[in-house]
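can you look at this prediction? I've put the sequence above it.
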Amino acid sequence: MQTQRLLEMANQIGDFFQSYPDPVEARKDIANHLKKFWALSMREQIIAHVEAQQGAGLHAIVGEAIKEHRAALAS
Amino acid sequence: MDKQIDYGTPAAIADKQVTLEIDGREVTVAAGTSVMRASMEAGITVPKLCATDSLDPFGSCRLCLVEIEGRRGYPASCTTPVDAGMKVHTQTPKLADIRRGVMELYISDHPLDCLTCAANGDCELQDMAGAVGLREVRYGYEGENHLKAEKDTSNPYFTFDPSKCIVCSRCVRACEETQGTFALTIHGRGFDSKVASGTGNFMDSECVSCGACVQACPTATLMEKSVIEQGLPEHSVTTTCAYCGVGCSFNAEMRGEEVIRMVPNKDGGANHGHSCVKGRFAWGYTTHKDRITTPMIRKSIKDPWQEVSWDEAINYAASEITRIQRQYGKDSVGAITSSRCTNEEVYVVQKLVRAVFGSNNVDTCARVCHSPTGYGLKQTLGESAGTQTFDSVMQSDVIMIIGANPTDGHPVFASQMKRRLREGAKLIIADPRAIDLVSSPHVRADHHLKLRPGTNVALISALAHVIVTEGLVNEAFVRERCEWDSFVAWRDFVAKPENSPEALEPFSGVDAEELRAAARLYATGGNAAIYYGLGVTEHSQGSTMVMGIANLAMATGNIGREGVGVNPLRGQNNVQGSCDMGSMPHEFPGYRHVSDDETRALFEQAWGRPLSNDPGLRIPNMLDLAGEGKFKAIYCNGEDIAQSDPNTQHVTHALESMECVIVQDLFLNETAMYAHVFFPGASFLEKSGTFTNAERRISPVRRVMTPKNGMEDWEITAKLSTALGYPMEYQHASDIMDEIARLTPTFEGVSFAKLDELGSIQWPCNDTHPNGTPVMHVDEFVRGKGKFFITQYVPTSEKVTARFPLILTTGRILSQYNVGAQTRRTANVAWHQEDLIEIHPHDAEERGIQEGDWVGITSRAGETVLRATITERVQPGVVYTTFHHPESGANVITTDNSDWATNCPEYKVTAVQVARVTQLSDWQTEYQNFSEAQIAFAGLPADVAATE
């Protein structure tokens, strides 16, 4: 899938969770959301983007969530 | 044919019982029951003409007179309530004399054509003439009469023959009380009185063709044309309508294997004997000449179709799936289920994908309508379903409708809602358009919050702000029933000044004072219920809005009892069921995540195959990957994504890019034009199964005729599975339901036998609730404590600009259904032959657009051309269209924008420009050429194009 499309989807998710008062919980729930609803191939692709492009074009909180919960998202 | 008993007047609801004597028999009934009904319940028939148990008593025909000891005269039994100790006589010489006299007068102005009358054998007037022993009419026919009154045949489905009318007013009262349209009246007085539909004929009147008047008519005055043409039915089978999410119960009245008429079932839990123009009359598509009944295959969409046997078609499809999975991997294949299919059909498709394809690449058309409901209600309340019964609305004091148009989309429920509104319930409507309920006969919204499309979340946050800051929260309820921490976070969020109605008015366009008044009414007006539709879900913040609605209900304690709740009005007949059955790529049946080890082990053991613990691809994911050449085959079961999904050109490119598209449908639909295998499907009249409506009501679908394609749809899927090496050995749809019940806790107590016994069942149905659960979350939420979520308004990225200055929003119309594949093949086209674009007079004037002009609508995704209709129903800056005709290309314009949580498309907000044009768009010209070629490839007559 085109990375740009994944970034748009991920950023929308970030828009929702960034209003959480607790950023730790927000990052955890972003990762949970990706894990529960995105196919593994899509998760792997966005992890690769975060690692290769330092999350360019990605909502900061989503990039942080992916880094923080990388292991759970990659399996 | 067994006829349902007509008790003459509605049942009384009272705890107190009254005992009386009727014709020497002791009878005990609920207080408030009419003498007529008490008699009928005791098996004592009282003659009647103007009374019927779906309508309030009227007391005009003078046929149901009785004698009551100690009372003077001859009171009408329909309007006389029972009294304790009352002694009633229904048959005396004097009563017989009066009744004969009354009947003699009726018959003296009635054509004596019983033997050739369409109602012969099904006419209450005829029955009553016999019942009262009428043997002669002394008055002759020479005098003035109505026998030559002109017949109105303007309606495509029924005729109005005033020469046979006895002016009992049942039709007029049905239009008022049952339907709530008030299209009929009695014009004139005395001998001149006659039933009138406005000033013209039925088609030119306000009549919505619901059939309530036809149903109520005791003679052949209002009569189905199908009965006139074919004769009366000889047997009847109770089944469930295949149109909207109301899920009306109908008696399919048959003559052999031919449907003569569909009559709404009085005992139907969702409809109580009412119907709409679609369910009542628009079933002709099931035998339409466009039906394809022989399987077809082809190598390329550039080739003509080849008709083959079922075995050949199944084996070819199986070999292609096998080849593609070997070549491109197991994840290159998936399936889409449809909400038009039964629970059992959907269940076997998702089982095929999970157990045989070896992935979770199954999705359903709820993806593009109510997937945010599934997500939002699961998060907040713990269950992906509406909380109430439809009947619950009769206990509501305040009704809030958000982004729904019930009179068009859910007409039978709308009639019930209108009854409650006429009784005095308050009404709040949040909608960019002035839907009919904003102002219709005897119904007027107390508040119409006319928001700009795309600002729902701003609206809900502002409503919440008022409730929180003005001290209207039901704190006792929240403390007892909800997660307090989540409430505090939400409370603090919505209380911020930036969430006030005044701060959000510039975004939503809703007057702050009006919004404040609406919020106060919702919070303090008594039982308050929210009903919502796709105007909530089909947004980039669809899921946020659903959670916002749940927040509001929890904060005010409006959940967990009759009259309140959160009520998603599901678009299609089995949206709820298709989701319940595990159609989503992340969930097994019963909304259990595929990563849940215990659940997965349960299904692995039952199905004997290892199952993936990873969510599969959603429809938009599949289409994106197909366009990139990474997703190669799809089994599309009853769904027409080429017409119904957004950004048509993106969808068709994806379909063209696949190596095997398998479509199972009644017709060569838009998706089938891109298919390589066509499995002809069976109509709802040709199969057994169940549908689950918007109130979680599981209702039986019963086979009333032999499938024209040779088998029921679940059998096709089972055969495909068998050809792929995994036999599905069900003997009947009931076997599938038994498996569902074994594996799904919410369906644990459901079986076809129980459905036969109870008529319908609202899930959860289990040991605790053996007869189902009408109202959910009564003592606690399914998730335990209700959870509040912060609903930050995030404007859509689909912005209006100088290039695209208007917002297009889409919807539906009463006479047509979804992509129109069914209703376009019925006489319903008389009401809606083409999709139009509604435009406000100011916007039209600016562009020099006149009524009926061709206008081009251009968005970032594409362009199409429709005729304009100029109306103030839409606000300035907003245009609106329907999507029932494929050549309209409504989804050529809509974009890939979607809900953040579920990818439900943002159909309701597309930035467009509109301008007068003189010719069709390039897409429409290409579409016309392509579809004509595809119709020829299938060997169908060219005029299919006209109905397609």
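Arrived safely. Numbers count the residues shown, from 1 in each chain, chains lettered A, B, ... in the order given.

near chain A, which residues of chain B?
B:331, B:489, B:492-493, B:540-541, B:543-544, B:585-586, B:593, B:595, B:614-618, B:621, B:624-625, B:628, B:630, B:790, B:792, B:794, B:896, B:898, B:900-903 (Cβ under 8 Å from any Cβ of the partner chain). For glycine as for every other residue, the C-beta is placed from the backbone atoms N, C-alpha and C.

just the buried ones among those, please.
The neighbour count (16 or more other Cβ atoms under 10 Å in any protein chain shown) marks B:331, B:489, B:493, B:540-541, B:543-544, B:585-586, B:593, B:614-618, B:621, B:624-625, B:630, B:790, B:792, B:794, B:896, B:898, B:900-903 as buried among the residues of chain B next to chain A.

restricted to helices, list those residues.
The helices, defined by DSSP state H, take in B:489, B:493, B:543, B:544, B:621, B:624, B:625 from these.

rebuild these as JSON lines, extending it with pLDDT.
Below are those laid out as JSON lines (pLDDT from 0 to 100):
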{"residue": "B:489", "pLDDT": "97"}
{"residue": "B:493", "pLDDT": "97"}
{"residue": "B:543", "pLDDT": "98"}
{"residue": "B:544", "pLDDT": "98"}
{"residue": "B:621", "pLDDT": "97"}
{"residue": "B:624", "pLDDT": "97"}
{"residue": "B:625", "pLDDT": "97"}
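
distance to residue B:202 for these - can I get that in JSON lines?
Shown next, in JSON lines, are these (distance: Cβ to Cβ, whole Å):
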{"residue": "B:489", "distance to residue B:202": "57"}
{"residue": "B:493", "distance to residue B:202": "54"}
{"residue": "B:543", "distance to residue B:202": "44"}
{"residue": "B:544", "distance to residue B:202": "45"}
{"residue": "B:621", "distance to residue B:202": "49"}
{"residue": "B:624", "distance to residue B:202": "49"}
{"residue": "B:625", "distance to residue B:202": "52"}
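
nearest to residue B:577, of those residues?
Residue B:577 has its nearest neighbour among those in residue B:543, at 20.9 Å by Cβ to Cβ.

okay, residue B:941: pLDDT?
Note on residue B:941: pLDDT of 76.

so it, which of the three states?
Here residue B:941 is recorded as coil under DSSP: H, G, I helix; E, B strand; the rest coil.

count the neighbours of it for me.
Residues near residue B:941, counting by other Cβ atoms under 10 Å in any protein chain shown, number 11.

that one reaches residue B:668, doesn't it?
No - Residue B:941 is beyond contact range of residue B:668, at 11.5 Å (criterion: Cβ atoms under 8 Å).

ramachandran angles for residue B:438?
Per-residue torsions, residue B:438: phi -60, psi -40 (degrees, to the nearest 10).

brain fart, residue B:159
With angles defined as degrees, to the nearest 10, residue B:159 sits at phi -110, psi 160.

what sits against it?
If a contact means Cβ atoms under 8 Å, 6 or more residues apart in numbering or on different chains, then residue B:159 has B:151, B:152, B:153, B:222, B:223, B:225, B:228 as its contacts.

go through stretch B:495-503 and flag the buried ones.
B:499, B:500, B:501, B:503.

separation between residue B:731 and residue B:711?
As judged by Cβ to Cβ, to the nearest Å, residue B:731 and residue B:711 stand 13 Å apart.

so these two - more neighbours on which side?
Shown here are residue B:731 and residue B:711; by other Cβ under 10 Å, residue B:711 has more neighbours (18 against 7).

am I right that that one is in contact with residue B:682?
Yes - under the criterion of Cβ under 8 Å, residue B:711 makes contact with residue B:682 at 7.0 Å.

please name the nearest non-neighbouring residue to the residue lying farthest from the centre of chain A.
Taking Cα atoms, centre = their mean, the residue of chain A most remote from its mean C-alpha position is residue A:21, at 18.4 Å. Using Cβ to Cβ, 6 or more residues apart in numbering or on different chains and skipping residues adjacent in sequence, the residue nearest residue A:21 is residue B:489, 5.6 Å away.

what's near enough to touch that neighbour?
By Cβ under 8 Å, 6+ apart, residue B:489 lies in contact with A:20, A:21, B:788, B:790.

quick check, the first one in a strand?
No - per three-state DSSP, residue A:20 lies outside any strand segment and is coil.

how about it, nearest residue that isn't a chain neighbour?
Sequence neighbours aside, residue A:26 is the residue nearest to residue A:20 in space, at 3.8 Å (criterion: Cβ to Cβ, 6+ apart).

which element is the one you found on?
helix A:23-37 (DSSP states H and E).

elements contacting that helix?
For helix A:23-37, the packing partners by 3 or more Cβ pairs under 8 Å, 6 or more residues apart in numbering or on different chains; DSSP states H and E come out as helix A:3-17, helix A:40-53, helix A:60-68, helix A:70-73.
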